[in-house]
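>>> Test case, fold it:
(one chain, ligands or ions: 2)
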Amino acid sequence: MEELPADSCVYISGSNLNRVMFGIDIGPAELLLARELECDAVIAHHPAGGDSTLRFPEVLHKQIEFMVAHGVPEQAARDAAQPLITRATMGAHAANHDRVPSFARHIRMPFLNLHLPLDEIGRRLMIDAIDEHLVELDRAPVVQDAIDGLMTLEEFQRAPTRIMVPVGALDSPLGRIAIVHGAGTNGGARIASAYFEAGVGTVLYIHCPGPEVAALQESASGNLIVSGHIASDMIGINRYVAAVEALGVEVVRISGL
Ligand SMILES: [Fe+2]
Ligand SMILES: [Fe+2]
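Residues are numbered from 1 along each chain as shown. Ligands and ions are numbered 1, 2, ... in the order given. You can find the predicted model right below:
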């Protein structure tokens, strides 16, 4: 990515960073601990306030882009994404967006978050892992085959969570698969249904709220794989942390890492 996307930003800039703390969620407690551990900066994955929170709804337009790429008609894709975008817009509007950045300013701790770029890395690696497994099959793939592909990634092997199929079945035909990761958050029932209506057989989210799953269980005509939030986030994060360490920077892992 040539520039930081809307859900990622530098809250407080810094330089000469020899030791950084990296966590999926960072709040005041982690910032204070970083100071105690003599870290020179803190990096969060999830938006931690500021522009990343205020502008977060912008990245949800990726949901429309992904749907259209999988054959959902553009107007249907816009209609399916709108409730999610409205919810996120109102949430961002209501948030106390300066809470965590103000804390970092007080303790003078350089602080940033990287969300979409790392999820995009994760999405591509998940697609590759599934494709590499499916290409070896001499029969039409079922849902379990996609999971077997994902399980070649260490992050899923090590995860305390299991990959779930709360809608559909492991032995159902996989059909075309849409990996819906790296678009802000999951698309819920509305967006999954739009994929199914466009002929996609299986949708993958990394997490999905219970009520959305319940709605899909009543009406869905496809499979939903839920791969696991933190395990899936770690796919992109691990590659990024390795690249930072390759620069000679020490990384203190916390909050999910
Ligand atoms: Fe993520
Ligand atoms: Fe996440």
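
>>> For the stretch 1-150 of the chain, which segments count as strands?
9-12, 19-23, 41-44, 111-113 (DSSP state E, counting those that start in this stretch).

>>> and the ones you listed as TSV, adding mean pLDDT, distance to L125 and mean neighbour count?
For glycine as for every other residue, the C-beta is placed from the backbone atoms N, C-alpha and C. Output for these, formatted as TSV (pLDDT from 0 to 100; distance: least, C-beta to C-beta, whole Å; neighbours: other C-beta atoms under 10 Å):
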stretch	mean pLDDT	distance to L125	mean neighbour count
strand 9-12	98	24	20
strand 19-23	98	18	22
strand 41-44	98	20	26
strand 111-113	98	21	26
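
>>> now for those strands, which one comes closest to E58?
The stretch from the strands of the stretch 1-150 of the chain with the least distance to E58 (C-beta to C-beta) is strand 9-12; that distance is 12.0 Å.

>>> And the closest one, what does it pack against?
In terms of contacts (3 or more C-beta pairs under 8 Å, 6 or more residues apart in numbering; DSSP states H and E), strand 9-12 is packed against helix 50-54, helix 99-106, strand 111-113.

>>> hey, which helix is longest across this structure?
If you go by DSSP state H, the chain has its longest helix at helix 74-94.

>>> and of the helices and strands packed on strand 9-12, who's closest to ligand 1?
Nearest to ligand 1, of all those, is strand 111-113, at 10.5 Å by C-beta to the ion.

>>> chain center to the closest one, what's the gap?
Offset of strand 111-113 from its chain centre (C-alpha atoms, centre = their mean, to the nearest Å): 17 Å.
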